[in-house]
Structures are given as C-alpha cells and as structure tokens.
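Asker: build me a model from this:
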Amino acid sequence: MSSVSNPNIPEISWFGALCDDDYEFLGQPDPALASSWAHCSDIVQTADRNGFDNVLLPSGYTLGIDSTSFAAGIATQTEQINLLLAVRMGEMHLPQLARQLATIDQMAEGRLTINIISSDIPGEALDSAPRYQRTREWMQVLRQLLNGEPIDFHGEFVDLQLDPPRLIGPESTCAPFYFGGFSPAAKDVAAAEADVFLTWPDTVASVGDTVQEMTTLAADTYERELIYGLRAHVIVRETEAEARAAAEQLVSKLDADTGDAIRKKSLDAASFGVARQAALRDTAADDGFVEENLWTGVGRARSGAGAAIVGNPDQVAAKLRAYQEVGIGAFILSGYTHATECDLFAEHVLPNIDHAALKPRFTH
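Answerer: Sure thing, here's the model as predicted:
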C-alpha cells in the first residue's frame, strides 16, 4: 500500500504530445508539429529546463510514435523531470513489460512514473467488465514484479509463477501508478490499485465531488488513500483579453466535421469520461466558457481532456489553487503549441506555485 508523505505540495507536469496532438490551429495538421523523436524530445526537454516535475508520455497506436521506446530514448537526455509513461494493460507480455519499465527507470536514475491505460488493445474489442478485470490483474502483478517480489498468481487474465529478473531485486520499489476512469468498474480498480487517480477538466465543484467519491470508495472499501490529479490544458497570457484571443485563434480554422473525425480516432472515444467532456461542452455559454476561466473549446477537436484554464497569470494560478483546495495534488497541463505554451506557463505561473516531484512523496 502506498501512502502520501506530503499531500500539500502539488506536482506540476507537462504533456509530451507523442500522440499527434500539437497544433497552431486545432484541426489543421502541421508537419513540423507532427509526433516525431525530434519534435517530442524538444517538448520534453523544454519542460525539463523549465522546472516541471513530470511529463506525460501518452500512448496511441494509430497516432504518433511509441511511448515506451521514446521514454527509453529521452531518459538519458533529461536531468530532473520525471517521465510519466503511458502503458496499455494487456498489450505485451507482462514479465517483459516489467523488465522494460525497470530498465527505463534505471536509465532515468529513478525518475519513471507509470500511467496505466485500460482501453482496448489495437485490433480487439473487449467488454468493459473483463477489460477492467484484466487491468486489475495486470496492475497487481506488475506492482509485485516491480517491487522485486516473486509471482504466484492465477487469475482470469494472468497466470504466472516466476521470480523477478535480476534487474528487479528485493530492494526495488515500484513507481507510482497513475490511473483514470469514470465508469463504476474503472473507479473500483483505481480505488484498489492506483496511487494517483486522474480526472479530466471539469468545474471546480464537480472535480471536488469526484475527489470525495473516490476518497470514500478507497477508504471504505480498500483502506487506502489516493492522490488526485487533474489533466487539463492551459492558455496563459499577460492579460485575460490576450488569453481569450489566443483561445479563439486556436479554433479559428476548425470546422465541425474535422473536429468529429479527430475525436473518433481515439480508442477511448466512447468512454464515460469522453461523454462527460461532451456534456461539459454542451452546458457551456456561447463563448465556450463553462465557468470562470474554464474554456471547453479545445474539446471540439480532441478526445479526452477537453477544456482549458484560460486567463492572465493571476487567474490561472487562482484556478489551480481552487482545484487544489478541493483535493487535487497533481496537475498534468498542456497547451498549443506545446513548447511555446510550456515556456509561457513557466514564465508567468510556475514561479508562483510551490511544487515538487511526486515520486519521492510515496512510501511503499
């Protein structure tokens, strides 16, 4: 069981855009911004130089480059930033996955964190209940292996009896598992197996309700505590008017058909969470804002996290504090274009936020 040693200092992370999600104008692909080693390594190294605590390396089969290979490549070309590597449960042989993760963690000198993905494996469709059972079993066994423990596990999807490889010794400690999902099955798996429960952007009150629900579920059912993370976009400029203008410019060349096509590419396009992001857009005002400084326009052209915190530096920092006050302890932020917005956030907001890398906050 993991416990939190310092829950009051948030983790501030950026987004690596490995999944072909970088634009100057949403819906208008630019070859210079397409997912590639050169482009994505520049984003990650920019976040590293700017002092972010972690960076999400997303996984998408049809979109962009492979996250695990990229993590290995970038591990020795970064200095202090943690690497939040997205891994799809069931996609490869479980003992070999553990070896890969342990190797990357060694290459990164202990800076690996793990984003658990439970969507369908490319080329297959599995009903929700068995898919989350597979995810549960994989998380349990993967944690044991990465903790250097022998495996004697006989489940519905995992049937293994073996010792960990030499690389993963008895003193090894599993990196934190970040996991998100909004169906009842997903929430139960998160409460039982995750360290950080990730939620997508929503109103402050709704995010607070999710934190309370998951806190109760984890404590009452599994006697566990979770850290809560928010995945959101951000647009910060020196004035609110400039930030709103940047938001409008971002979608100025987007048409509805293109946006629909982009959203449908994702393997999780029909999930509970995606449906909630669509509902959030539907309740927004004509300008796309659903509450103060929370703009849903970005969700018109991407599946998943579909809203951005928009405003001047004080407004953006205040919005982050509002989420923190309802229980958020980690933020995974992004903006378009990713390297440019990373610099802007680092210049205008990051120096005014006390933050620290999340991994040392865990004991096992």
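
Asker: low-confidence stretches in the stretch 251-364 of the chain?
Answerer: Applying pLDDT under 70 to the stretch 251-364 of the chain flags the ranges 257-273, 277, 281, 284-285, 303, 357-364.

Asker: now with 90, please.
Answerer: Residues of the stretch 251-364 of the chain meeting the criterion pLDDT under 90: 254-288, 299-306, 354-364.

Asker: which non-adjacent residue is nearest Asp195?
Answerer: Pro176 (4.0 Å; C-beta to C-beta, 6 or more residues apart in numbering). Using the backbone N, CA and C atoms, a C-beta is placed for each residue, glycine as well.

Asker: look at that neighbour and say how many residues are nearby.
Answerer: The burial count assigned to Pro176 is 25, neighbours taken as other C-beta atoms under 10 Å.

Asker: repeat that for Thr203.
Answerer: Neighbours of Thr203 (other C-beta under 10 Å): 16.

Asker: how close does it get to Gln80?
Answerer: 33 Å (C-beta to C-beta, to the nearest Å).

Asker: circling back to that earlier point, if I look at the residue nearest to Asp195, how far off is Leu84?
Answerer: 9 Å.

Asker: which residues are in contact with each of these two?
Answerer: Common contact partners of Pro176 and Leu84 (C-beta atoms under 8 Å, 6 or more residues apart in numbering): Thr113, Ile114.

Asker: ranges for the helices of the stretch 251-364 of the chain?
Answerer: 256-264, 272-283, 313-325, 338-348 (DSSP state H, counting those that start in this stretch).

Asker: contacting residues for the closest residue to Gly335 other than its chain neighbours?
Answerer: If the residues on either side of it in the chain are set aside, Gly335 comes closest to Glu341, at 2.7 Å by C-beta to C-beta, 6+ apart. Neighbour list for Glu341: Val234, Ile235, Val236, Ser334, Gly335 [criterion: C-beta under 8 Å, 6+ apart].

Asker: which among the residues you listed gets closest to Glu223?
Answerer: Minimum distance to Glu223 across these is 34.4 Å, recorded for Ser334 (C-beta to C-beta).

Asker: the closest one contacts Ala17, correct?
Answerer: Yes. Between Ser334 and Ala17 there is a contact at 7.2 Å, judged by C-beta atoms under 8 Å.

Asker: okay, helices next: where are they in the stretch 101-250 of the chain?
Answerer: Under DSSP H, counting those that start in this stretch, the stretch 101-250 of the chain gives helices at 128-146, 184-193, 204-222, 240-250.

Asker: which neighbouring elements make contact with the third one?
Answerer: With contacts defined as 3 or more C-beta pairs under 8 Å, 6 or more residues apart in numbering; DSSP states H and E, the secondary structure elements packing on helix 204-222 are helix 184-193, strand 196-199, strand 227-236, helix 313-325.

Asker: using PDB, list the CA coordinates for it.
Answerer: The C-alpha trace of helix 204-222 is given here as PDB (Å, rounded to 0.1, in the frame of the first residue of the first chain):
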ATOM      1  CA  VAL A 204     -14.300  23.000  -9.600                       C
ATOM      2  CA  ALA A 205     -17.300  21.700  -7.800                       C
ATOM      3  CA  SER A 206     -17.600  18.600 -10.000                       C
ATOM      4  CA  VAL A 207     -13.900  17.800  -9.500                       C
ATOM      5  CA  GLY A 208     -14.400  18.200  -5.800                       C
ATOM      6  CA  ASP A 209     -17.300  15.700  -5.900                       C
ATOM      7  CA  THR A 210     -15.100  13.200  -7.800                       C
ATOM      8  CA  VAL A 211     -12.400  13.600  -5.200                       C
ATOM      9  CA  GLN A 212     -14.900  13.000  -2.300                       C
ATOM     10  CA  GLU A 213     -16.400  10.000  -4.100                       C
ATOM     11  CA  MET A 214     -13.100   8.400  -4.700                       C
ATOM     12  CA  THR A 215     -11.800   9.200  -1.200                       C
ATOM     13  CA  THR A 216     -14.800   7.400   0.300                       C
ATOM     14  CA  LEU A 217     -14.500   4.400  -2.000                       C
ATOM     15  CA  ALA A 218     -10.800   3.900  -1.500                       C
ATOM     16  CA  ALA A 219     -11.000   4.300   2.300                       C
ATOM     17  CA  ASP A 220     -14.200   2.400   3.000                       C
ATOM     18  CA  THR A 221     -13.700  -0.500   0.500                       C
ATOM     19  CA  TYR A 222      -9.900  -0.900   0.400                       C
END
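
Asker: buried residues, it. List them.
Answerer: With burial defined by 16 or more other C-beta atoms under 10 Å, the residues of helix 204-222 counted as buried are Val204, Ser206, Val207, Gly208, Thr210, Val211, Met214, Thr215, Leu217, Ala218.

Asker: the last one now?
Answerer: Along helix 240-250, these residues count as buried under the neighbour rule (16+ other C-beta under 10 Å): Glu240, Ala243, Arg244, Ala246, Ala247, Leu250.
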